[in-house]
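Q: what follows is a protein structure lacking sequence information:
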């Protein structure tokens with residue numbers, strides 16, 4: 001199922017989208033503090049840092065640090081108290097990191113502009129806002145959680161913090177209308193190939209490109225398109241949204257793959273799909289579709 005978005009829609013929403021982004025950041029000052037705190041803790045690589053050191057680094061009070069730390073813990077971030085030594089990220093924490101994702105990206109993905117968010121309303125909406133702002137590049141947008149994640153036909157896609165991956169690709173296309181339906185299928189195969197490459201449990205596909213692991217829903221895909229030239233009849237921009245709930249653990253509880261590594265491999269596989277040549281991926285799609 002495709003949501004067909006014309007460029008005029010993005011243009012009309014351009015001003016309001018920018019205002020919403022500014023207002024979102026202005027309303028929650030603690031959000032920026034929490035984000036900076038996470039970056040400081042990641043830099044320490046599991047070593048404790050005192051509340052005073054964090055306060056000095058961020059230019060805020062110790063009380064503000066304490067409140068932000070507790071808010072992050074309530075959101076599910078693995079922050080441990082080290083007594084008088086302060087706070088640290090628990091061993092084996094799997095926080096999203098732009099630098100780590102980029103370190104795993106192959107050459108074919110180097111041109112992607114990478115943005116990692118702690119939280120957004122929807123990565124697909126964020127991609128639409130970039131289009132509305134006149135961005136012409138290709139992007140990979142990743143978020144730790146989504147406030148209003150979207151599924152097919154207006155359904156919601158619950159996106160709790162640190163319990164999966166939520167990302168969107170904003171890509172150039174040049175596809176005819178009849179070719180669009182194969183984009184979500186190609187993206188689904190990219191995810192299947194990712195799991196195979198990383199030796200993760202095999203997924204099946206049901207319904208409108210929803211992923212299942214055994215009998216449990218494991219994620220889904222939502223694709224959207226836009227056209228800047230209605231006369232040509234071609235869709236020049238694609239938004240491919242992918243959400244996965246998997247914890248990436250084996251039955252014995254040992255981690256098999258980090259979220260950063262998984263996202264980078266999905267990006268690599270997305271780049272290799274030839275959407276104008278469905279014969280190169282449809283057999284895999286059909287084999288996995290129940």
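A: The structure has been received and is ready for your questions. Keep in mind that what you see is a predicted model, and the values were worked out from it rather than measured.

Q: past the one helix or strand residue 70 maps to, which element shows up next along the chain?
A: Assigned by DSSP states H and E, residue 70 belongs to helix 62-74. Following helix 62-74 in sequence order, the next helix or strand is strand 79-81 (DSSP H and E).

Q: that following strand pairs with which strands, and in what direction?
A: strand 87-89 (antiparallel) (DSSP bridges).

Q: please compute how far the partner strand lies from its chain's middle.
A: 24 Å (CA atoms, centre = their mean, to the nearest Å).

Q: mean confidence score for that strand?
A: Taken as a whole, strand 87-89 has a mean pLDDT of 87.

Q: rewinding a little: which other residues reach the helix holding residue 70?
A: 30, 33-34, 37-38, 51-52, 54-55, 58, 79, 87 (CB atoms under 8 Å, 6 or more residues apart in numbering). Heads up, the C-betas are built off the backbone N, CA and C, glycines and all.

Q: any regions of the stretch 51-200 of the chain where pLDDT drops low?
A: 76, 91-93 (pLDDT under 70).

Q: what about the strands in it?
A: Secondary structure of the stretch 51-200 of the chain (DSSP state E, counting those that start in this stretch): strands at 79-81, 87-89, 113-117, 139-143, 165-175.

Q: quick one, the longest one and strand 113-117 angle?
A: Spelled out, that is strand 165-175. Going by axes from the mean of the first three to the mean of the last three CA atoms, to 10 degrees, strand 165-175 is angled at 150 degrees with respect to strand 113-117.

Q: pretty sure residue 263 is in a helix, no?
A: Yes. Under DSSP: H, G, I helix; E, B strand; the rest coil, residue 263 falls within a helix.

Q: got the contact list for it?
A: 96, 101, 140, 142, 165, 167.

Q: ok, those residues vs residue 152, which is closest?
A: Within those, the smallest distance to residue 152 is 17.3 Å, found for residue 167 (CB to CB).

Q: could you report the separation of the spatially most central residue of the chain from residue 231?
A: Residue closest to the average C-alpha location in the chain (CA atoms, centre = their mean): residue 167, at 2.1 Å. Separation of residue 167 from residue 231 (CB to CB, to the nearest Å): 33 Å.

Q: do the same with residue 122
A: From residue 122 to residue 231 the distance is 31 Å (CB to CB).

Q: of the two, who's got more company?
A: Taking neighbours as other CB atoms under 10 Å, residue 122 and residue 231 compare with residue 122 leading, 23 against 6.

Q: just confirm the more buried one contacts residue 145, I think it does.
A: No. At 10.7 Å, residue 122 does not count as touching residue 145 under the criterion of CB atoms under 8 Å.
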